[in-house]
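Visitor: my questions concern the predicted model and sequence given below.
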Amino acid sequence: MALINFWATWCGACVDEFPDLEDTYRMYSVRELAYVTVSTNMPDEKPGVLRMLQHFHSTGRNLLFASAAAALQVAFDPNWDSAVPYTVLVTADGTVLNQKLGSVEIVELRRKILANLSSDYIGFNRYWSTP
């Protein structure tokens with residue numbers, strides 16, 4: 001399973017939710033969760049992007065668009081209007097479990113992660129799947 005977050009340094013909501021997403025990755029990374037952040041900043045803004053990643057002690061994989069962001073965003077999701085933050089939780093086979101344009105509801109996202117992590121105890125996933 002992978003958690004993918006598109007963000008930008010100039011986006012207040014992105015900056016606000018970044019620590020919660022980092023904490024979520026740290027909590028579940030030992031349980032087959034990958035985390036990728038994709039900065040939608042322009043390539044020449046790389047120093048600012050790196051400063052923010054360092055400030056939040058980012059531990060996941062971090063990408064920065066190397067060209068026009070809009071075309072790459074459309075390639076990721078043709079229905080997405082390129083606004084950030086945009087967060088997607090996807091399985092290894094490409095099934096989208098959760099997607100959110102705007103700030104994520106962190107408890108809801110964590111429940112979705114837990115409901116879909118592999119577990120030896122069948123009740124575990126059922127528990128986290130119930131509202």
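Guide: Arrived safely. The structure displayed is predicted, hence computed values, not measured ones.
Visitor: what strand or helix carries residue 123?
Guide: Assigned by DSSP states H and E, residue 123 belongs to helix 122-129.
Visitor: which outside residues touch that helix?
Guide: 111, 114, 115, 116, 117, 119 (C-beta atoms under 8 Å, 6 or more residues apart in numbering). The way it works is simple: take the backbone N, C-alpha and C, and place the C-beta from them, glycine included.
Visitor: let me see the contact set for the last one.
Guide: Remark: with contacts taken as C-beta under 8 Å, 6+ apart, residue 119 is in contact with residue 125.
Visitor: can I assume it sits in a helix?
Guide: No - if the criterion is DSSP: H, G, I helix; E, B strand; the rest coil, then residue 119 is coil and not within a helix.
Visitor: that one and residue 92, how far apart?
Guide: Summarising the geometry, the distance separating residue 119 from residue 92, computed by C-beta to C-beta, to the nearest Å, is 16 Å.
Visitor: so residue 103 touches residue 86, yeah?
Guide: No - at 10.5 Å, residue 103 does not count as touching residue 86 under the criterion of C-beta atoms under 8 Å.
Visitor: ok, residue 47 to residue 64 distance?
Guide: Note on residue 47: its distance to residue 64, by C-beta to C-beta, is 11 Å.
Visitor: which residue of those two possesses the greater neighbour count?
Guide: In this comparison of residue 47 against residue 64, neighbours counted by other C-beta atoms under 10 Å, the higher total goes to residue 64 at 17 against 8.
Visitor: for the more buried one, list the residues it contacts.
Guide: Shown here is residue 64, whose contacts under the criterion C-beta under 8 Å, 6+ apart are 38, 39, 41, 43, 46, 49.
Visitor: mean confidence score for stretch 29-44?
Guide: Averaging pLDDT along stretch 29-44 yields 90.
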